[in-house]
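J.: Model the structure of this input:
(chains A, B, C and D)
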2 protein chains.
Amino acid sequence: MEPLLLYPDPAPPVLAQALDLAGYPWKAAGSPDIAIKIEPDDGWAGAVVSAESDPEGAFAFCRALRKRDLPLEPLLLLLNAEQVGDLELREDLFDDFCLAPSHPREIEARLKHLFWRTGRGTRPELVEYGPLVLNLETYQAAIGGRPLDLTYMEYELLKFLGTHPGKVFTRETLLSRVWGYEYYGGARTVDVHVRRLRAKLGEEHAGLISTVRSVGYRFGQARWGI
Amino acid sequence: MEPLLLYPDPAPPVLAQALDLAGYPWKAAGSPDIAIKIEPDDGWAGAVVSAESDPEGAFAFCRALRKRDLPLEPLLLLLNAEQVGDLELREDLFDDFCLAPSHPREIEARLKHLFWRTGRGTRPELVEYGPLVLNLETYQAAIGGRPLDLTYMEYELLKFLGTHPGKVFTRETLLSRVWGYEYYGGARTVDVHVRRLRAKLGEEHAGLISTVRSVGYRFGQARWGI
DNA sequence: GTGTTTGTGAACGGCGTGTGAACGGGGGCA
DNA sequence: TGCCCCCGTTCACACGCCGTTCACAAACAC
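T.: Reported below is the predicted structural model:
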């Protein structure tokens, strides 16, 4: 996804943190000239402008973005509560605004709605580990760009393992976490599913799931930290 | 100026006070039926819906307003901070939202911006995906240029799926989002509608709706980017 | 070498889904 | 007011996928 353009530079820590949390890439610029200079080839996904510390500069920044050949949108404006009056007669400079103290989830929700409005759709929720990608919204998986045709339980198992890379799980743990707490089946069921997963991952990536003898299974490389 | 439509009835005191302060006339209604009954000849200027006390009812109210021949807009939604997550998959139900405790001046500013925005028509009237085209204004559908003769529920289902291409929905989700929250019917109803949709789409395009076993249905192909 | 643990192939059976058909309520029309 | 058609809903049944289990072979530990 293309990055969001932020103002000012450095961006307000709360804003940067909120965007990182929501998974939006971003770059900050302190002036329209710099924004052009660091603009990616694919352009900006949108802009988030904070008018909290320097209102004049912020509005000038917005105006510059709107005057481009391809007006930058969507544009989200961050304000202090006392600055609401400043919005008057500046309706064309922004698409939505957010009042401080702005909660990260409000910023995220506003960006989401803005992207939906402008027809760009939202980003899919992905689980990634090396060449493996799981799309949680579409229930599809791919390894090295090749789509995987997984059954429901295979997908659920791989999703669980993929969200806890490096960690070793016993069969009992997997049964309770993936199959459900009330599950009373044989532990060998896990083995069979792991085998089928390895087969579908292909010889090249079968090693992504490793066996820890007398314990259980591990996805990805062992972690030595944390 | 035409009045704003408020929900619920009686309207939250803070909201009523904010609108009075800003000089917006308004009327409150507790249900879509009442809203129609007390609607002025010139129609509503817009709506402000509070989801703070009764989220279920509020969203149902929004949906009813959007399903009218002339969808009511703009629609401003008032929420508690914890309800932000509820906005997911409901992007089409509102044009802007405002988090409690909402300051009167924020509500005023948002209404002002909404009116400025909607003066220029921002809501999409077409839903397109590949060969499929849905005209939201005329309630007509076409696939590959060939008109589709869809019933009301078929159209609503296809519209919902078509506005979220690639995403998998459970039958329960579809029932609540397309049929309505208060719906308590069998999940197999969805199956039958999907079957009829596939039949009307024709053998060539029946694959547009794919079954995800043990989960639900997906429209169109998965998106791996953006 | 022996015992335990895991990989492998195959078969069973349940459950989720597709399919055809029928019911029944609501709206249009006479 | 009565009729009839449309359409949303529900039911019964069949099919096939897929989760589960088993028996046996292979690998590893001691």
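J.: C-alpha only now, for contacts and for neighbours.
T.: Noted.
J.: neighbouring contacts of the helix or strand of chain A with the lowest mean pLDDT?
T.: None of the helices or strands of chain A scores lower by mean pLDDT, DSSP states H and E than strand A:126-129, at a mean of 90. Applying C-alpha atoms under 8 Å, 6 or more residues apart in numbering or on different chains, the contact partners of strand A:126-129 are A:133-136, A:159, A:162-163, A:165, A:220.
J.: which parts of it are buried?
T.: Residues of strand A:126-129 classed as buried by neighbour count (16 or more other C-alpha atoms under 10 Å in any protein chain shown): A:128-129.
J.: can you tell me which of the contacts of strand A:126-129 are in strands?
T.: Residues of the contacts of strand A:126-129 located in strands (DSSP state E): A:133-135.
J.: which of those are buried?
T.: Among the ones in strands among the contacts of strand A:126-129, those classed as buried by 16+ other C-alpha under 10 Å are A:133-135.
J.: Specify which member of the residues you listed is nearest to A:V14.
T.: A:V14 has its nearest neighbour among those in A:N135, at 28.6 Å by C-alpha to C-alpha.
J.: And for the closest one, nearest residue in space, chain neighbours not counted?
T.: Nearest residue to A:N135, sequence neighbours excluded (C-alpha to C-alpha, 6 or more residues apart in numbering or on different chains): A:L126, at 4.8 Å.
J.: now A:F94
T.: A:F94 sits nearest to A:L75 (C-alpha to C-alpha, 6+ apart), 5.2 Å away.
J.: What is the neighbour count of that neighbour?
T.: Per other C-alpha atoms under 10 Å in any protein chain shown, the neighbour tally for A:L75 reads 24.
J.: and it, bridged to which residues?
T.: Taking DSSP bridges, one obtains A:A47 as the residues bridged to A:L75.
J.: Return the residues in contact with it.
T.: Residues counted as contacts of A:L75 (C-alpha under 8 Å, 6+ apart) are A:46-49, A:62, A:93-96.
J.: picking up where we left off before, which one of the ones in strands among the contacts of strand A:126-129 sits closest to DNA strand D?
T.: Closest to DNA strand D out of those is A:L134 (16.3 Å), distances taken as C-alpha to the nearest atom of the strand.
J.: All the helices of chain A, in order from the start?
T.: A:13-22, A:32-37, A:55-66, A:104-117, A:152-162, A:171-174, A:188-201 (DSSP state H).
J.: and the shortest one, what does it pack onto?
T.: Yep, that's helix A:171-174 we're talking about. For helix A:171-174, the packing partners by 3 or more C-alpha pairs under 8 Å, 6 or more residues apart in numbering or on different chains; DSSP states H and E come out as helix A:188-201.
J.: what's the angle from the helix it packs on to helix A:152-162?
T.: Counting by axes from the mean of the first three to the mean of the last three C-alpha atoms, to 10 degrees, helix A:188-201 lies at 90 degrees to helix A:152-162.
J.: list the helices and strands helix A:188-201 packs on?
T.: Against helix A:188-201 (3+ C-alpha pairs under 8 Å, 6+ apart) you get helix A:152-162, helix A:171-174.
J.: What parts of chain A come near chain B?
T.: Within reach of chain B by C-alpha under 8 Å from any C-alpha of the partner chain, chain A has these residues: A:1, A:84-85, A:87, A:91, A:105-106, A:109, A:113, A:116-117, A:121-124, A:135, A:137-140, A:151-152.
J.: centre of the chain versus stretch A:101-117, how much separation?
T.: The chain centroid and the centroid of stretch A:101-117 are separated by 14 Å, computed with C-alpha atoms, centre = their mean, to the nearest Å.
J.: ah, wrong one, I meant stretch A:85-101
T.: How far stretch A:85-101 lies from its chain's middle: 26 Å, per C-alpha atoms, centre = their mean.
J.: Start and end of it, how far apart?
T.: Using C-alpha to C-alpha, to the nearest Å, one end of stretch A:85-101 lies 17 Å from the other.
J.: what does chain A put close to DNA strand C?
T.: With C-alpha under 7 Å from any atom of the strand as the criterion, chain A meets DNA strand C at residues A:191-192, A:195, A:210-216.
J.: again, only this time at 6 Å
T.: Applying C-alpha under 6 Å from any atom of the strand, one finds that chain A approaches DNA strand C through A:191-192, A:195, A:211-216.
J.: Between these, which sits nearest chain B?
T.: The closest of the residues of chain A next to DNA strand C to chain B turns out to be A:V192 (C-alpha to the nearest C-alpha; 19.3 Å).
J.: Check which residues of stretch A:38-48 are buried.
T.: Neighbour-count burial for stretch A:38-48 flags A:39, A:44-48 (criterion: 16+ other C-alpha under 10 Å).
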